[in-house]
Structure formats: C-alpha cells, structure tokens
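*Asks:* coordinates only, sequence not included:
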C-alpha cells in the first residue's frame, strides 16, 4: 500500500515520490512521472548504495546508474524507479563492508569476497517492488532500464513482461572499470564497456 506521497523537484526533473509497504516493516520508495499504465512504461528497480550514491565512491557505478535512469524517465516523460533498501545486493551494510575489506586486503572481486564470507552473490528480494508497481497500477508490459539479467528474471517471475531491456550507459570513474568488467564477465550483465564514459 502507499503510505505517504508528495512531489519532489530534483536535478533530474520533477517526480512523484511515495513510500510503499506490505505486511511487515520493510519499505521501498517509488520515484515516478506520467501515466504508468502505458504499454512499455520504463521501469528501473534500483537497490540502495550509500557509498556510491551519498559518498560518491570511485569504484562504484550505482550513483551514475540511478542518475541516468532518472534522466531517461524525465526525457520520456513517463516511467518509474523503485528504490529498494537492500544494501550490498541484499546482504546488508555490515556484510557489505566486511566484503569490501576482503577485497581491499586480498585483492579479490566482490563476488569472490561474498563467497569467502559464505554468501551467495545476490540476496535481493524483489517482492516489495511488485507491491509498489501494483500500487501505482504499472502496466504488465514494461521497458526495463537495467543491465542485470537477474532483475529481468525477477520481474518476469513477478508477472511482468519485458517488452524491451535498455542497457544503461553512463559516465563513471575509471576506478570502477574492474567492477564493471566483473559484472559483465561473471554476472552476465549486458554492459557495453565501449559505451561507458570512464573519467578521472
């Protein structure tokens, strides 16, 4: 259900924002524009990343992905970002930081660090995203703004048909190159690294 809503002016445009919840204490945020019942509505399911979004970590692309999705929705005039509070691919902030320390000390990548902690690569649950999409009466036929095949599979399992999956291209610090390469080669993300703008 929608718990609270307002209109928010941002650097990326003006959006309707709302919090959503179901039976438990978990919440998510929707950020939207336009008539979401339209066939092919653009949707991004985005997981929180305090280091990439608030602290602008150099080796992370979460902030640029969120900004790019909001800009794309504003360009289209219709679309939705569902913002899920699932730090560290659902592992939580404590385990995310432990994994980061493994990476720093042992020179392993994020997937390998999680494995060494006894964790799967991805623990995210997208059921709350479906709650928000039902609340907002989003079309069952959506355009997915994501490079992640797991998100496509999750949306399809939740009953949504992906009419198009738009690969995200954006500007990111060149220190994130190895992380993006990991997502492309091991996570099978549909990333074209030639279209990513790596900057200092």
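*Replies:* Thanks, I have the structure now. None of the values given here were measured: they were computed from a predicted structure. Numbering: from 1, shown residues only.

*Asks:* bridging residues for the residue nearest the centre of the chain?
*Replies:* Per CA atoms, centre = their mean, the C-alpha nearest to the average position across the chain is that of residue 46, at 2.2 Å. Beta-bridge pairing of residue 46, defined through DSSP bridges, involves residue 83.

*Asks:* tell me how far stretch 124-144 is from the chain's mean position?
*Replies:* 13 Å (CA atoms, centre = their mean, to the nearest Å).

*Asks:* Likewise for stretch 136-155?
*Replies:* Distance, centroid of stretch 136-155 to centroid of chain: 11 Å (CA atoms, centre = their mean).

*Asks:* before we move on, what about stretch 150-163?
*Replies:* So, by CA atoms, centre = their mean, the centroid of stretch 150-163 is 14 Å from its chain's centroid.

*Asks:* would you list every one of the helices in this protein?
*Replies:* 50-53, 62-76, 93-106, 110-116, 127-135, 149-157, 177-185 (DSSP state H).

*Asks:* what's the average pLDDT for the last one?
*Replies:* It refers to helix 177-185. Mean pLDDT, computed over helix 177-185, is 94.

*Asks:* got the buried residues for it?
*Replies:* 179-180, 183-184 (16 or more other CB atoms under 10 Å). No exception for glycine: its C-beta is placed from N, CA and C like everyone else's.

*Asks:* So which other helices or strands are in contact with that helix?
*Replies:* helix 110-116 (3 or more CB pairs under 8 Å, 6 or more residues apart in numbering; DSSP states H and E).

*Asks:* quick one: average confidence on the helix it packs on?
*Replies:* Here the average pLDDT along helix 110-116 is 96.

*Asks:* For that helix, list every residue counted as buried.
*Replies:* 110-114.

*Asks:* quick one on the thing from earlier: what about the helices of the chain, which gets the closest to residue 11?
*Replies:* Closest approach to residue 11 among the helices of the chain (CB to CB): helix 62-76, 8.2 Å.
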